[in-house]
Every structure is written in C-alpha cells, then in structure tokens.
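1. sequence-free structure coming up:
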C-alpha cells in the first residue's frame, strides 16, 4: 500500500485532481501493480474516475503510443504516465498537453519511490523556486562547463537558449512535469560542445542500473564520438535500435535538484538526485534545440559542478551565489557565497 502522504503529494500537490475528473493512467505489462492499485484507490477516494489504459511495452524511450491511446490522451484533462519505458517526449504527449491535458510523466516508478523520506516526500512548491532560478541562470549564460571528480569535463555554448525547469507541479492546463524528477537544464547550441563525460550513475531506460563501473563518453562538436567501458554497450545498442543518425546529437545538459533522490534502479529518481547531472543524446525539441530525432537517451553522472560563463553555479548539490544569483532557500539546499 502506498503511503497516503506521498500519494497526496502526487494527486493533490503535483496534479491537482478534482472530484469527478477522469484521470488517465498509462500502464504496460511491467508497471508496478502496487503503484497502479494505490493511485486507483487514491483517485477513487477523491471522487475521480481512473481510466486505466494499457499499452505495449516499448524498448526505445520516446516511442509513440498506439493511435487509440494517443486519442485517449488527446481528449483527457489529466494523465499520469506509469509505463516502464519513457514516452513523455512522444508527439502524442505533446499534442495532449498542447490541447490542455495536465500530464505527469512518471515512467518506471515503483512502490518504493513513494516511501516516506523518499523523492516524492518533498514540497514541490518550495523546490519550484530554486529550479526556476537556475533555469533563469541558464538563459543568461553564453558558455557552460560541466565537471565531476570522476573525470567529466564538458563545455559548449548555450547562448540564446531557454532554460528548462521541471519542478513536479502540473496543476495548470497544458502542464507537463515529471515527479519525482526535479531538474533544470537546456539544449546546448548544436555543434558547440566538446569534451569527456564519465557516466557513474546510469543509462536511463537502457537496461537495469545503476552502472557497475564508470563509462567514458567522448563528445566532439556537439556529437557523440566514442565510448570506453563495458556498459557503454547499453547506450550503443539503444542508438543502434533507434536507427537514426541524429541520435548522436548532444540534446540536453541538466542538473538534478531533488534533495531526497538517490542513484538507484528507478530512472526518474536517479536523474532527479541533488548533486547529479545528466546529458542526453538525440531529440532536443522539448529542451529548446532543433534536432527532431526519434528518441531521447539520458546518461547520468554524480557529484557534478556547473559553471556558467566561468563562474560556479552549482557544485555537488550546493548552490553558489554569484552574479547569476540563484536566490532560493530550502533545507535541502546549502548555499555558499
């Protein structure tokens, strides 16, 4: 049974359900049944109408759901994605939110994700302030640099790019959020980024994780160039399955901001974790870029430091106040001068 406290966070704070509202629950054969039953019970208790919609399980993140499912989403006022693979970047989801659906993207979550003290046991309204402040810092910047103690050193241009803030709250029509994920990032300017990324977190929705040993990725002129390490096969195989040369595009750089997250076997919790960062390859449209590849593949690293225009902004989860000023205070966010 899911704790009422975190169940209420999802249904009331994040989605803002109302009595008699029909809420679509997207599931597949690998969705945790405890999660389905808990959300159905929570919706019933609130006088809502749960519409449980089963679809096939897809291997490639970002795959399009069947046409019938797309039509259900397009006519919904609220939906929660609980499939075992991410489909939140699909055109079906984009059409649904464009037409006013409130959408929580929560693929792969399990009953443990709802644990007390876990990544859903936070005040998403409080986390919104810091997430939007960091998003604004991205927008003011020209150059970014991402480093980690494991050896990541990546830099490129973000000039003219919008910051993206995911803070978990989708109470307004057309909103799209991904609790427990709390993050801020952007799509670097195409062709501008070069460097090395050491993945010591996970390759999300590309087989079981986290990684058992670090994987080194080489990026040159905004494109995936080479990889080192046995578990790089997880990424390379998924790119092969996609069959799209645009999948080599560096699509996103983002920072995790959830103080109760941890690197684990649940992708949405792993990428949310305060102190982590992730890059993605492939489709960058939803992140402010221009590459419309068939999928979006996230790769997570730990203990990351973000510099914007040569000044540190976020160092292993600690906010650093400077001319980009990230003016937010939260018990989970120590800040320095």
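-> Happy to help now that I have it. Worth saying up front: this structure is predicted, and the values here are computed from it rather than measured. Numbers count the residues shown, from 1 in each chain.
2. now the closest residue in space to residue 277 that isn't next to it in sequence: how far from residue 185?
-> Ranked by C-beta to C-beta, 6 or more residues apart in numbering and with sequence neighbours excluded, the top spatial neighbour of residue 277 is residue 304, at 3.5 Å. (C-beta placed from N, C-alpha, C; glycine too.) Spatial separation of residue 304 from residue 185 under the definition C-beta to C-beta, to the nearest Å is 11 Å.
3. Which residues are in contact with each of the two?
-> By C-beta atoms under 8 Å, 6 or more residues apart in numbering, residue 304 and residue 185 have these common neighbours: residue 255.
4. Can you mark which positions in the lengthiest helix in the chain are buried?
-> Secondary structure assigned by DSSP state H gives helix 124-140 as the longest helix of the chain. Neighbour-count burial for helix 124-140, with 16 or more other C-beta atoms under 10 Å as criterion, is recorded at 124, 127-139.
5. What is the burial count for the residue nearest to residue 277?
-> Counted with other C-beta atoms under 10 Å, residues neighbouring residue 304 total 27.
6. Residue 245 now?
-> By other C-beta under 10 Å, 10 other residues sit near residue 245.
7. Could you do residue 208 as well?
-> Burial measure for residue 208: 8 neighbouring residues, criterion other C-beta under 10 Å.
8. And for the one 10 residues further on?
-> Using other C-beta under 10 Å, residue 218 has 14 other residues around it.
9. The strand or helix carrying it pairs with which strands?
-> In this assignment (DSSP states H and E), residue 218 forms part of strand 215-220. Pairing partners of strand 215-220, with direction, according to DSSP bridges: strand 194-199 (antiparallel), strand 223-228 (antiparallel).
10. which residues sit against that strand?
-> When contacts are defined by C-beta under 8 Å, 6+ apart, strand 215-220 is touched by residues 151, 154, 193-200, 203, 224-232, 235, 250, 279, 299.
11. With mean pLDDT and mean neighbour count as extra columns, can I get the strands paired with strand 215-220 in a markdown table?
-> A markdown table is the format used below for the strands paired with strand 215-220 (pLDDT from 0 to 100; neighbours: other C-beta atoms under 10 Å):
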| stretch | mean pLDDT | mean neighbour count |
| --- | --- | --- |
| strand 194-199 | 98 | 21 |
| strand 223-228 | 98 | 16 |
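12. out of those strands, nearest to residue 243?
-> When the strands paired with strand 215-220 are ranked by distance to residue 243, counting by C-beta to C-beta, first place goes to strand 223-228 at 15.0 Å.
13. hey, where'd the helices end up in the stretch 151-300 of the chain?
-> Along the stretch 151-300 of the chain, counting by DSSP state H, counting those that start in this stretch, helices occupy 232-242, 267-272.
14. Please identify the most buried of these.
-> helix 267-272 (a mean of 27; mean count of other C-beta atoms under 10 Å).
15. Now for residue 264: which residues touch it?
-> Residues in contact with residue 264 (C-beta under 8 Å, 6+ apart) are 210, 270.
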